[in-house]
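Q: Generate a structure from the sequence data that follows.
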Amino acid sequence: MHSDADVNARHVRTADESVLIGAAAPEASYLDLAALVEAAQVSGAQALLPVHAVLAGSAELARRTCEAGLLWIGADPDLLETMQQAGWDAAVPDESPGWVIGLADGFRIDGLVVRRTRAAGAALCWTSAEEPGPLGVDGLPPAAKTLAVLSDLAVELGWRGLISIAFGPDGAPVAVRGGLPAELGLVESRAGRDLVQAALALAEGGSPPAGSPGAPAAVGGVVRATAVPGAGQRASISELSGPDGASVQWEPGYATGESLSPWYDPVLGILAARGDDLAAAVAGFLEATSAVHVAGLPDDLDQLRARAEDIAARLHDGSA
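A: Residues are numbered from 1 along each chain as shown. Purely as a prediction, here's the structure:
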């Protein structure tokens, strides 16, 4: 489904089927709950998977979806209302240092800890089987403890499907979310499984399909435009290209020659690299950044690279 602003967007052009749901302004399209459910019905879809956390956490959208006879791939509407009343739907601070993203069926949880470091607005993320001392994030508990907290919450809430919890600078959980954060691809890379298919299986009352062994470590970031056009204007992307290879993930949000509008998040692409250990994944990410080329508008690739270089240096010399 898409708005007027995204008629020619890449995700619309490559979709098997698309439905126009409204005008460019989000409140008239992507945030119009009645339009979302109607679009699913018109398309003949059997289920609705909310992607953005705002929609994944909407008790009203969950209830409307169920009343329409569609499968809601997410938490129960009553549970979402309880979470909202408890304050778990609060905005996550930009400097939140860590996420745990997992799959829950109300009795067990499997998931991965995603660490995040920021500089000049650019966020570099990593997930690894190892947890080197030099990369400890101030206030964030060790991986085992954060997974235990998430598991306890999942059981307490009776959550089914994708769940993520954000930790604040003091190490306390600040939000519980559903939906698909930008780090999902990074987590899937490391876990060796398709979490969307797993969430669908849980929603249908089945068991999540098993994944492959995955990779010991993965590092990634979102490449964004750092300046967007004003209302009624567009900025042309004269070049956008990235790497390819078995150990690299590059998911562009646009193509060369397309335009960036002022309406939505200016994500140019998601970049990630896998490795046998965290140092190898960081090195792979740095190599991959050299193959990303953006022209026509400013971007934060240099800031992402600087973050990765800092991580590489800290791993090399063991400094905190």
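Q: Are we agreed that L103 is in a strand?
A: Yes: counting by DSSP: H, G, I helix; E, B strand; the rest coil, L103 falls inside a strand.
Q: tell me the contacts of D4?
A: By Cβ atoms under 8 Å, 6 or more residues apart in numbering, the residues touching D4 are L20, G22, A23, A24, S29. From N, CA and C alone the C-beta is placed, and that goes for glycine too.
Q: one more time with 10 Å, if that's ok
A: By Cβ atoms under 10 Å, 6 or more residues apart in numbering, the residues touching D4 are L20, I21, G22, A23, A24, A25, A28, S29, S261, W263.
Q: again, but for S247
A: Residues in contact with S247 (Cβ under 10 Å, 6+ apart) are 189, 215, 218, 272-276, 280-281, 284-285, 287-288.
Q: Let's see that with 8 Å instead.
A: By Cβ under 8 Å, 6+ apart, S247 lies in contact with A215, A273, R274, G275, G284.
Q: Then I237?
A: Y254, A255, T256, G257, E258, S259, L260, L268, V294, A295, G296, L297.
Q: Just give the nearest non-adjacent residue to it, would you?
A: G296 (4.8 Å; Cβ to Cβ, 6 or more residues apart in numbering).
Q: quick one: which helix or strand includes R224?
A: strand 217-224 (DSSP states H and E).
Q: how about that strand: buried residues?
A: A217, A218, V219, G220, G221, V222, V223, R224 (16 or more other Cβ atoms under 10 Å).
Q: Show me where the stretch 201-320 of the chain has its helices.
A: 278-289, 301-317 (DSSP state H, counting those that start in this stretch).
Q: Just say which of these is most tucked in.
A: Neighbour counts (mean count of other Cβ atoms under 10 Å) averaged over each of the helices of the stretch 201-320 of the chain peak at helix 278-289, with a mean of 22.
Q: low-confidence ranges in this protein?
A: Low-confidence segments of the chain (pLDDT under 70): 87-100, 106-111, 118-120, 131-143, 168-171, 180-182, 265, 318-320.
Q: per-domain residue ranges of it.
A: Per automatic domain parsing, the structural domains of the chain span 2-85, 98-120+128-203, 217-317.
Q: Mind putting these into a markdown table with distance to A210?
A: A markdown table is the format used below for these (distance: least, Cβ to Cβ, whole Å):
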| stretch | distance to A210 |
| --- | --- |
| domain 2-85 | 19 |
| domain 98-120+128-203 | 7 |
| domain 217-317 | 19 |
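Q: Nearest to G211 among the ones you listed would be which one?
A: Closest to G211 of those, according to Cβ to Cβ: domain 98-120+128-203, at 2.6 Å.
Q: one step back: among the domains of the chain, which comes closest to P209?
A: Shortest separation from P209 across those is recorded for domain 98-120+128-203, at 6.2 Å, computed as Cβ to Cβ.
Q: Contact partners for L200?
A: Neighbour list for L200: A47, L49, I73 [criterion: Cβ under 8 Å, 6+ apart].
Q: at 10 Å instead, please
A: Going by Cβ under 10 Å, 6+ apart, L200 touches A47, L49, L71, I73, G161, D194, G206, P208, P209.
Q: Figure out the helix or strand that it lives in.
A: Assigned by DSSP H and E, L200 belongs to helix 195-203.
Q: how about the CA coordinates for that helix, as PDB?
A: What follows is helix 195-203, C-alpha atoms only, in PDB (Å, rounded to 0.1, in the frame of the first residue of the first chain):
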ATOM      1  CA  LEU A 195      11.800 -13.400  11.300                       C
ATOM      2  CA  VAL A 196       8.800 -12.200   9.300                       C
ATOM      3  CA  GLN A 197       8.000 -15.800   8.300                       C
ATOM      4  CA  ALA A 198       8.600 -16.900  11.900                       C
ATOM      5  CA  ALA A 199       6.200 -14.200  13.100                       C
ATOM      6  CA  LEU A 200       3.600 -15.300  10.600                       C
ATOM      7  CA  ALA A 201       3.900 -18.900  11.800                       C
ATOM      8  CA  LEU A 202       3.300 -17.800  15.400                       C
ATOM      9  CA  ALA A 203       0.300 -15.700  14.400                       C
END
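Q: Now do the same contact list for G22.
A: By Cβ under 10 Å, 6+ apart, the residues touching G22 are 1-5, 28-32, 35-36, 39.
Q: what sits opposite it in the beta ladder?
A: Note on G22: beta-bridge partners S3, judged by DSSP bridges.
Q: In strands, which of the contacts of G22 appear?
A: Under the assignment DSSP state E, the contacts of G22 contribute H2, S3 to strands.
Q: picking up where we left off before, run through the neighbouring helices and strands of the strand holding R224.
A: The contact analysis (3 or more Cβ pairs under 10 Å, 6 or more residues apart in numbering; DSSP states H and E) places strand 217-224 against strand 109-119, strand 122-128, helix 184-191, strand 248-252, strand 267-275, helix 278-289, helix 301-317.
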